[in-house]
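>>> I would like the atomic coordinates for the input below:
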Amino acid sequence: MRLLFYSCLLFCMISGTNAGAQSAKPVNYLNTGSDISFNGSKFILAWSSHPTALYYKQEYLPAGQSPEKFTDMLMLEVVSSSLTHKDAYDAKVAELTSLKRTNPYVNFETFYHKESDEYLLDFVITANAADGKTIQIAERNIYRYKKYSGSKGETGVILFAVSKRSYGAAAPGFVKSISGETRKDLADKVKRFAFPSITLK
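Coordinates of the predicted model:
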């Protein structure tokens with residue numbers, strides 16, 4: 001499971017539902033380099049998509065992991081349009097607020113950094129069994145929304161995201177572990193991440 005454009009920036013459920021598998025080498029639409037270093041690990045470009053003229057998405061994984069079933073992922077997304085980073089952030093918060101009414105495991109924290117004019121959204125979401133009580137997949141995501149300004153005057157949104165997943169019997173413990181200083185530490189690292197230079201193809 002991966003993400004479609006609208007599910008990630010606007011209406012995301014579980015990070016990771018996309019339009020299909022990619023067998024060929026992924027295209028580096030953002031010209032960011034083939035790998036990104038984050039939190040002491042190297043993430044390699046594993047999947048990319050340019051489904052509309054305005055939207056670009058790239059996913060990076062540690063060696064040995066696959067987009068179909070991963071435990072750690074980085075994402076970079078760019079929307080070149082009149083959509084603002086506040087619009088994207090507000091839509092995601094509204095979606096999580098709605099999901100929280102029916103899924104007791106959903107929780108989130110929000111942050112705004114005035115100095116950089118960026119929004120940070122740290123959330124936990126789950127895919128549950130039919131009874132709604134048993135967690136099948138648990139995922140923590142930290143989304144960082146930033147204004148995009150292109151070299152030709154384009155404007156829009158950049159999303160940098162970190163996703164961590166757990167499956168099956170390990171998922172409930174994973175959800176319980178996301179709290180306190182451990183939670184804050186990863187969010188702070190996402191906040192401090194230095195964005196790579198982005199040039200759209």
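>>> may I ask you to name the longest helix in the chain?
When the chain is scanned for its longest helix (criterion: DSSP state H), the result is helix 85-100.
>>> need the residues that contact the next helix or strand after it.
Using DSSP states H and E, the next helix or strand after helix 85-100 towards the C-terminus is strand 107-113. With C-beta atoms under 8 Å, 6 or more residues apart in numbering as the test, strand 107-113 has contacts from 89, 93, 96, 100, 118-124, 183, 187, 191. All C-beta atoms are positioned from the backbone trio N, CA, C, and that covers glycine.
>>> which positions in whichever strand in the chain runs longest come out as buried?
For the chain, the longest strand by residue count, based on DSSP state E, is strand 135-149. For strand 135-149, burial by neighbour count (16 or more other C-beta atoms under 10 Å) applies to Ile135, Ile137, Ala138, Glu139, Arg140, Asn141, Ile142, Tyr143, Arg144, Tyr145, Lys146, Tyr148.
>>> partner residues bridging the most centrally placed residue in the chain?
The structure's the chain has its C-alpha centroid closest to Ala161; by C-alpha atoms, centre = their mean the separation is 3.4 Å. Legend: beta-bridge partners of Ala161 under DSSP bridges are Met75, Tyr143.
>>> show the contacting residues for it.
Ala161 is in contact with Cys8, Ser15, Met73, Leu74, Met75, Leu76, Glu77, Asn141, Ile142, Tyr143, Arg144, counting by C-beta under 8 Å, 6+ apart.
>>> of these, the lowest pLDDT goes to which?
Across the contacts of Ala161, the smallest pLDDT goes to Ser15, namely 38.
>>> compute the inter-axis angle for the longest strand of the chain and strand 107-113.
20 degrees (axes from the mean of the first three to the mean of the last three C-alpha atoms, to 10 degrees).
>>> need the buried ones from the contacts of strand 107-113 selected in ChimeraX.
The following ChimeraX line selects those of those that are buried, judged by 16+ other C-beta under 10 Å:
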select :89,96,118,119,120,121,122,123,124,183,187
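>>> show only the entries of the contacts of strand 107-113 found in helices.
Using DSSP H, the subset of the contacts of strand 107-113 located in helices is Tyr89, Val93, Leu96, Lys100, Arg183, Ala187, Lys191.
>>> make a markdown table from these and add distance to Ile36 and pLDDT to it.
Below are those laid out as a markdown table (distance: C-beta to C-beta, whole Å; pLDDT from 0 to 100):
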| residue | distance to Ile36 | pLDDT |
| --- | --- | --- |
| Tyr89 | 22 | 94 |
| Val93 | 26 | 94 |
| Leu96 | 26 | 93 |
| Lys100 | 31 | 93 |
| Arg183 | 22 | 89 |
| Ala187 | 18 | 94 |
| Lys191 | 16 | 95 |
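>>> and the furthest pair within those?
Taking C-beta to C-beta as the measure, the ones in helices among the contacts of strand 107-113 span a maximum distance of 23.5 Å, between Lys100 and Lys191.
>>> how about the contacts made by Asn103?
Applying C-beta under 8 Å, 6+ apart, we find Asn103 in contact with Ile125, Thr126, Asn128, Gly132.
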